[in-house]
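1. Fold the following for me, if possible:
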Amino acid sequence: MKDVTAIVDYRAGNLTSVRLAFEAIGVETVVTSDADTVRGAARVVFPGVGAAASAMENLRALGLVDAVREAATDGRPFLGICLGMQILFEHSEEDGGVDLLGILPGRVRRFPNVPGCKVPEIGWNQVKGLGIEGVPDGSEFYFVHSYYAEMGPHTLGITEYAGVEFSSAVRRGNLVATQFHPEKSGRLGLVLLKDFVSC
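-> Numbers count the residues shown, from 1 in each chain. Just a heads-up that it's a prediction; the model follows:
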């Protein structure tokens, strides 16, 4: 479908804020659980909140695993958000250990228990290294998560919490994913979304 931006609905969170953020920058989206719609979209957005195991079960039940893998690897602009970023990796410690989509190398781990650092991390935190025009290095974005992706070859943004430096954003070709929520991060989050749709 020419110039359609598809937001993948796999029953992993409220998608309204994501859709409204794209509308705020003048981009029409379609929220879909249909694999063919995902395959035909010009851009794919893969948000998510919740637990890794149930998210993977939902993707399988809806027949979306292959369509998401294709969208993330065939060169189309692809944006993962929060759990949608984590699921791109190989394995998560969550729910006793979960095999993920394996699109990016690396593992997702739980934050350690550190005095003064509540888990989940909820709130604003700095992201270094994004390299996006109009986003000063070290800008703050909004996070809600208990698990994080280890640093690896595709790390783009770096954030520190609970004594851990982790991948708060990754990039491989036209695939970009963020642990933080750009749709909840005010003006700079919208700048990031504009950068994505310009791909």
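2. Quickly note the distance from Lys175 to Arg76.
-> Actually, residue 175 is Leu rather than Lys. Separation of Leu175 from Arg76 (C-beta to C-beta, to the nearest Å) stands at 9 Å. Every residue, glycine included, has its C-beta placed from N, CA and C.
3. Compare those two and say which is more crowded by neighbours.
-> A count of neighbours by other C-beta atoms under 10 Å puts Leu175 above the other of Leu175 and Arg76, at 24 against 19.
4. how far does stretch 171-182 sit from the chain's center?
-> Relative to its chain's centre, stretch 171-182 lies at 6 Å (C-alpha atoms, centre = their mean, to the nearest Å).
5. same check, this time on stretch 83-94
-> Distance, stretch centre to chain centre, for stretch 83-94: 10 Å (C-alpha atoms, centre = their mean).
6. Put the alpha carbons of that stretch into CSV.
-> What follows is stretch 83-94, C-alpha atoms only, in CSV (Å, rounded to 0.1, in the frame of the first residue of the first chain):
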residue,chain,number,x,y,z
LEU,A,83,8.7,-3.8,24.3
GLY,A,84,8.6,-3.6,20.5
MET,A,85,12.4,-2.9,20.7
GLN,A,86,13.1,-5.7,23.2
ILE,A,87,11.3,-8.3,21.1
LEU,A,88,13.7,-7.6,18.2
PHE,A,89,16.5,-9.3,20.2
GLU,A,90,17.3,-13.0,20.7
HIS,A,91,16.3,-13.7,24.3
SER,A,92,14.8,-12.1,27.3
GLU,A,93,15.2,-13.0,31.0
GLU,A,94,11.6,-12.0,31.6
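7. This completes my enquiry, with thanks.
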